[in-house]
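> Predicted model, plus sequence, below.
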Amino acid sequence: MGPYGVRYSWVYWVATAAAFAFLIVDLFDDGWVWNVAVVVSLIIGIAVRPGGLRGPRAAARADERASRGVEPTRSATDDG
């Protein structure tokens, strides 16, 4: 459970652990492939976390609105 009451998936935790593991390997073996692996793991972790790029507070806010039955409002930053 995250700090904003949003549950993180197992994919998030695997990507986080993999990023740290690849970072440790990169400290000892300075190959470009380990740098790429760290960056890819971080991108996957950000993509699958609750709320994506907007963060866990946005996901918690959306869950709260959905539980109250409130339609999501469009903001000026929404595309489309």
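It's in. Residues are numbered from 1 along each chain as shown.
> And what about D30, helix, strand or coil?
Three-state assignment for D30 (DSSP: H, G, I helix; E, B strand; the rest coil): coil.
> And for V36, the neighbour number?
Neighbour count for V36, taken as other C-beta atoms under 10 Å: 12. The C-beta positions use only the backbone N, C-alpha and C, and glycine is treated the same way.
> State the pLDDT value of it.
For V36, the model assigns a pLDDT of 94.
> Show residues contacting whichever strand or helix holds it.
V36 belongs to helix 32-48 when assigned by DSSP states H and E. The contact list for helix 32-48, computed with C-beta atoms under 8 Å, 6 or more residues apart in numbering, reads 9, 11-12, 15-16, 18-19, 22-23, 25-26, 52-53.
> And stretch 17-24, by the same measure?
Under the contact criterion C-beta under 8 Å, 6+ apart, stretch 17-24 has outside partners W34, A37, V38, S41, L42, G45.
> again, only this time at 6 Å
With C-beta atoms under 6 Å, 6 or more residues apart in numbering as the test, stretch 17-24 has contacts from W34, A37, V38, S41, L42.
> Of these, which is the nearest to R61?
Using C-beta to C-beta, L42 is the member of those that sits closest to R61, with 24.2 Å.
> Need the pLDDT of the closest one.
At L42, pLDDT is 92.
> low-scoring pLDDT stretches of this structure, where are they?
The chain contains residues with pLDDT under 70 at 1-6, 51-60, 63, 69-80.
> Greatest separation within the contacts of stretch 17-24: which pair is it?
The most widely separated members of the contacts of stretch 17-24, counting by C-beta to C-beta, are W34 and L42 (12.8 Å).
> residue ranges of the helices in the protein, please?
Assigned by DSSP state H, the helices in the chain fall at 10-28, 32-48, 56-68.
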